[in-house]
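# Give me the fold of what follows.
(chains A and B)
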Protein chains: 2
Amino acid sequence: MFMRIDHVGIACHDLEEKIALFEQTFELTVVAREVNEEQGVKEAMLHIADGNGGGSYIQLLEPLGPDTPVGKFLAKRGEGVHHVAFGVPDVAEAMREIGGKGVRLLDEKPRHGTMGSSIAFLHPKDVGGMLTELVQAPKH
Amino acid sequence: MFMRIDHVGIACHDLEEKIALFEQTFELTVVAREVNEEQGVKEAMLHIADGNGGGSYIQLLEPLGPDTPVGKFLAKRGEGVHHVAFGVPDVAEAMREIGGKGVRLLDEKPRHGTMGSSIAFLHPKDVGGMLTELVQAPKH
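Residues are numbered from 1 along each chain as shown, chains lettered A, B, ... in the order given. From the prediction side, this is the model:
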């Protein structure tokens, strides 16, 4: 089911500051920037490696406002890991399989993710306290 | 510097219960179990994929007692992502490079990690609030 760790999403207050930190400290390169109004974030993807069916990245997330999910996360827990995403071959099929096992899905159907991907989130309480994202990379 | 996301470490109260959950929900397989007295944890590695210079895993961590780092983490934040580990070719060299940029290292020298690896931790406050582990896979 899981083909790779697609990305680790890190919530931060200042996207540009954290991009500079991660580029300098770990010699990573930003390969995509995006504003996702639906999720209430602006974000950047820093490439780590190419993997099975897609890449592996660090995703930096700055909330568009305090009333967004990432804004609330920052107010409650501070900067740090917000979610972990795993690559799957087919996100709709993975949702059916995982949902069929009683895990609550936070999305009813796949939605738009970073860099043209299709994504869905699982309820963290049903999977060990980890906000978990399923990612299907776009077909090229 | 980073070759892969080596693993995501998840703190839990009951290792066996969480192994069963992750095996059933995500069709993952445990490839190693270990008790690490030095770190105060018993742990299991669930294999996701083979990657650049090593594998990618979910690591489940149960503390050996409440006064261990993972025990304190659980008391403060509950179950969830404890740290993220990145594969490097040479952990001692990565420590020198990253430490030279002003990031605080939590280890003075590489120490024993899971499955024969050499590891070191970075101070989360210096890298975006993410407890970060560097992993050099054993040579086979």
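
# ok, the helix or strand harbouring residue A:59 near chain B or not?
For residue A:59, the host element (DSSP states H and E) is strand A:54-63. Yes - against chain B, strand A:54-63 shows contacts by C-beta under 8 Å from any C-beta of the partner chain at A:56, A:60. No exception for glycine: its C-beta is placed from N, CA and C like everyone else's.

# what's the angle between that strand and strand B:54-63?
Angle, strand A:54-63 to strand B:54-63, by axes from the mean of the first three to the mean of the last three C-alpha atoms, to 10 degrees: 50 degrees.

# helix or strand right after strand A:54-63?
helix A:69-77.

# which helices and strands sit right next to that following helix?
Secondary-structure packing of helix A:69-77 (3 or more C-beta pairs under 8 Å, 6 or more residues apart in numbering or on different chains; DSSP states H and E): strand A:4-11, strand A:54-63.

# between those strands, which one is nearest to residue A:33?
strand A:54-63 (9.6 Å; C-beta to C-beta).

# Note down every partner strand of the closest one and its orientation.
If you go by DSSP bridges, strand A:54-63 pairs up with strand A:4-11 (parallel), strand A:41-51 (antiparallel).

# wait, what's in contact with the nearest residue to residue A:131 once chain neighbours are set aside?
Of all residues not flanking residue A:131 in the chain, residue A:83 sits nearest, at 3.9 Å (C-beta to C-beta, 6 or more residues apart in numbering or on different chains). By C-beta atoms under 8 Å, 6 or more residues apart in numbering or on different chains, the contact set of residue A:83 is A:8, A:9, A:121, A:130, A:131, A:132, A:133.

# The fifth one: neighbour count?
Look at residue A:131: counted by other C-beta atoms under 10 Å in any protein chain shown, it has 21 neighbours.

# Now do the same contact list for it.
The contact partners of residue A:131, taken as C-beta under 8 Å, 6+ apart, are A:82, A:83, A:84, A:121, A:122, A:124.

# What helices and strands are in contact with the helix or strand of chain A with the lowest mean pLDDT?
None of the helices or strands of chain A scores lower by mean pLDDT, DSSP states H and E than strand A:111-112, at a mean of 93. Counting by 3+ C-beta pairs under 8 Å, 6+ apart, the packing neighbours recorded for strand A:111-112 are strand A:118-122.

# Mind listing what's buried along the strand it packs on?
A:118, A:119, A:120, A:121, A:122 (16 or more other C-beta atoms under 10 Å in any protein chain shown).

# Could you list the low-pLDDT ranges of chain A?
Confidence mapping of chain A against pLDDT under 70 gives the ranges A:140.

# Flag every residue of it that's near chain B.
A:1-5, A:7-8, A:10-12, A:18, A:21-22, A:24-28, A:48-49, A:51-52, A:56, A:60, A:77-81, A:84, A:86, A:98, A:101, A:103, A:124, A:126-130.

# Would you write a ChimeraX line that selects the buried entries of those?
Under the burial definition 16+ other C-beta under 10 Å, those of the residues of chain A next to chain B that qualify are selected in ChimeraX by:
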select /A:1,2,3,4,5,7,8,10,11,12,18,21,22,25,26,28,48,49,51,52,56,60,79,80,81,84,86,98,103,124,126,127,128,129,130
